[in-house]
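1. Below: sequence and its predicted model.
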Amino acid sequence: MWHLHTSKLLLASESPRRLSLLKQLGLNVQVLRLPPQEDDEPVFDNECPENYVSRTCLDKNFRARAYVQQHQHGLENLPILTGDTTVALQGEILGKPESPQQALQFLRLLNGQTHDVFSAVAVCWEDDIDYIRTHTKVTFSKQPDDVLKQYVKSGEPMGKAGAYAIQGLAAAFIAHIEGSYTGVVGLPVYETVTLLQTMDLISCTDSNGVLT
C-alpha cells in the first residue's frame, strides 16, 4: 500500500517492535546497527520527559547519519529513521530497568496509576531532518504484588522503558489508554506515516501498485 520513494529506509534501532511496525506498512527497511556508546541516552539535570525523548531521538539520528557517512559508503543518500520511547510518572522518567529488582520497583510505582508515555520519531534525508512526538496516557489496573513478581520473573520487563511491554504479557494490566497504542509499543504509526509523507518519502498505491 505504501510506496517508498527510495530503495530502502534505514532504521537506526535494534528494536524488533519498530522494525515490525515499519514492515507492516510494506516498506523496505534495513536495520542500521550502531556501535554502542558508553553513556547511552543520558538524562540531563532538570530535563522534562518531553524534551528528553525528543533530544534523545534526534541525537540518535545525528549519530546514525555521521556513522553512515564515515563507514557505510553507498548508503549516504538513504533516509534514516530513529525512535525513542520514554515512560514517566508524575514527571519522573522511568527508563529501562537495570535489574529485576529495579523492574519490580518501577512496576510497583505504576501499579494502579496513570502514567505518561512519550514517543519521538526522527527522519533525516538528504539535507532535511524532521521529527514528531506523541503523548499517550496509560492506566494500570491494580495488581497484587505476587502478579508483579511473576511478571518480572518472565523476563519481559528487561530492556523495556518503564519495565513493561504493552504488546506482551503486560497487556493484561492495562485498564485504559488515551493516545497512540503503537506509540507505546515504540513507534507511533499514524504520525510516522504523516512524517514520511510530509518529507515526500512515501506515497499511497492501490491494489495494482498505481500511485494514488
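-> Perfect, thanks for sending it. Numbers count the residues shown, from 1 in each chain.

2. And the strands in this protein?
-> Secondary structure of the chain by DSSP state E: the strands cover 2-4, 9-11, 29-31, 80-89, 92-94, 114-125, 128-140, 174-178, 202-204.

3. What sits closest to Val123 if chain neighbours are left out?
-> Spatial nearest neighbour of Val123, chain neighbours left out: Leu81 (5.0 Å); criterion: CB to CB, 6 or more residues apart in numbering. Heads up, the C-betas are built off the backbone N, CA and C, glycines and all.

4. all helices of this protein, in order?
-> Assigned by DSSP state H, the chain shows helices spanning 16-23, 49-71, 100-110, 145-153, 181-185, 189-198.

5. Could you single out the most deeply buried of those?
-> helix 181-185 (a mean of 22; mean count of other CB atoms under 10 Å).

6. Flag the shaky bits of this protein, pLDDT-wise.
-> Where the chain drops to pLDDT under 70, the residues are 38-40, 206-212.

7. if we compare the helices of the chain, which one ends up closest to Leu89?
-> Minimum separation from Leu89 across the helices of the chain (CB to CB) falls at helix 100-110, 5.7 Å.

8. can you pull the contacts of the spatially most central residue of the chain?
-> With distances taken as CA atoms, centre = their mean, Gly186 lies nearest the centre of the chain, 3.1 Å away. Applying CB atoms under 8 Å, 6 or more residues apart in numbering, one finds that Gly186 lies in contact with 15, 17-18, 21, 83, 85, 119.
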